[in-house]
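*Asks:* Mind looking at a prediction? Sequence and model below.
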Amino acid sequence: MSEKIKVAELFAGVGGFRLGLEGYSSADHPEFDLPAAGPFETVWANQWEPPGTQGRQFAAHCYEARFGEGSVVNRDIAAVLDEAEASRLAIPTVDMVVGGFPCQDYSVARPLSQAHGIEGKKGVLWWEIYRFLRMQNDRGEGACRYCLFENVDRLLKSPASQRGRDFAIILSCLAERGYSVEWRVVNSAEYGFPQRRKRVYIFAERNATWDPEARLSDGVMSRAFPMVPPDELHGIHIPEDPYDASRSFNEGGKASPFLEAGCMVGNEVLTCHATEAYGGPRRTLGDVLVPEAEVSEEFFIEPGQLPKWRYLKGAKREERTNKRTGFSYTYSEGQMAFPDATDRPSRTILTGEGGRGASRFKHVVECADGRYRRLVPDELDQLQGFPRGWTNTGMTDGNRAFCMGNALVVGIPHRIGKAICELERKG
């Protein structure tokens, strides 16, 4: 397979999808080199952080620093697509669109039969993805053949008032555009990566003629992330109009019908539980730790601050009073590991990982001399599978942590890209 697969990366962050598909090499740490997943070439990217101030565009600046001047459009995607629709801005025709987008409320305001029917009340970024697909698809049958999206796994269950509705709306939109879909909830640590990070990955192919059951056992996701053959498959019908999905899908249901793995062809879904079947090498938090001599003093926790850290990490059951309402209640939470184990994959990195302040959710490791320290940004980069120092482009340590908290594990799209190319070669 030699022909380039041209890619557009939406909500690009610091380039996790691009690195996973195109690979990278590091002169300083060749042991972490990642070969290209296939003949992928990112030809257009967009990254913009609200509210749009220059001080908030550190991810886009990092992207441009790593991939070259002009490699990313650093403007609100809605405004960019408005200009493209008005022929004031050119977006190239691509074979594939990738991107991660927030899990929000995707409720639909109007039916398809009305002008501009598919419009979400919230969930704005999904609707910009849908608009991008529509603009690409209108250029011809082969335009934007593939899609690869990432989201938090609760997307399959949201909202609480109508479990699974939001994912049903997304599936309905993709079916309306002619896409067949696979999805899988992936915990990266279960496939050898050094971080426990559970996300849902959605792969779609336009005008595909899949056998849904066969696709679950030998599709892109099953090749990328082998699983134990499922005991039971569950069928679901997806409404043809996203508006109908918004109003009635699983109305009154107490649980989402969408399980960890699934496939949709037309508007018919098969879904099942997924148990990992992985026998390869496994990495841990300790594998990415830098030598202590390289750790700046500001990352070490002062002994006088340790009791505060232990309190925040510890189990609690205490009476509290709401200062505004005066209402008293019992607050409780479980204990978290302190320090974090270095012989196992780390907990999920969050956007608030940076900064000196004590926190329940920041990672803390114990050093050989008995001192405790936070993780440095280079370690956060590597926990997500980026080259060490990837975000070291002039931004603050706090912003570097924010970027990694928003990023994905680079090796996941890499595995998916390899599986796409395998099936493409297979024909």
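*Replies:* Happy to help now that I have it. Numbers count the residues shown, from 1 in each chain.
*Asks:* measure residue 135 to residue 43 for me?
*Replies:* 15 Å (C-beta to C-beta, to the nearest Å). To be clear about C-beta, it is placed using only N, CA and C from the backbone, and glycine gets the same treatment.
*Asks:* do the same with residue 230
*Replies:* Residue 230 sits 38 Å away from residue 43, going by C-beta to C-beta.
*Asks:* cool, and residue 101?
*Replies:* 20 Å.
*Asks:* which one of these two has more residues nearby?
*Replies:* More crowded of residue 101 and residue 43, by other C-beta atoms under 10 Å: residue 101, with 20 against 15.
*Asks:* Tell me the secondary structure at the residue nearest to the more buried one when sequence neighbours are not counted.
*Replies:* Once flanking residues are discounted, residue 101 sits nearest to residue 125: 4.3 Å by C-beta to C-beta, 6 or more residues apart in numbering. Recorded secondary structure, residue 125: helix (DSSP: H, G, I helix; E, B strand; the rest coil).
*Asks:* Residue 125 contacts residue 11, doesn't it?
*Replies:* Yes - using C-beta atoms under 8 Å, residue 125 is in contact with residue 11, at 6.5 Å.
*Asks:* got any residues that touch both of the two?
*Replies:* Here residue 125 and residue 11 have 77, 101 as joint contacts, going by C-beta atoms under 8 Å, 6 or more residues apart in numbering.
*Asks:* more neighbours, those two?
*Replies:* residue 11 (23 against 18).
*Asks:* what about that one, distance to residue 406?
*Replies:* From residue 11 to residue 406 the distance is 9 Å (C-beta to C-beta).
*Asks:* intersection of neighbour lists for these two?
*Replies:* residue 100.
*Asks:* Does the residue nearest the centre of the chain fall in a helix, a strand, or a coil region?
*Replies:* The residue lying closest to the centre of the chain (C-alpha atoms, centre = their mean) is residue 150, at 3.8 Å. Of the three states, residue 150 takes strand according to three-state DSSP.
*Asks:* Residue 199 is in contact with that one, correct?
*Replies:* Yes - the pair residue 150 and residue 199 qualifies as a contact (C-beta under 8 Å) at a distance of 5.5 Å.
*Asks:* who touches both of these two?
*Replies:* Shared contacts of residue 150 and residue 199, defined by C-beta under 8 Å, 6+ apart, comprise 408, 412.
*Asks:* Could you tell me which strands sit next to the strand or helix carrying residue 8 in the sheet, and their orientation?
*Replies:* Element membership of residue 8 [criterion: DSSP states H and E] is strand 5-10. The partner list of strand 5-10 in its sheet, established with DSSP bridges, is strand 40-45 (parallel), strand 96-100 (parallel).
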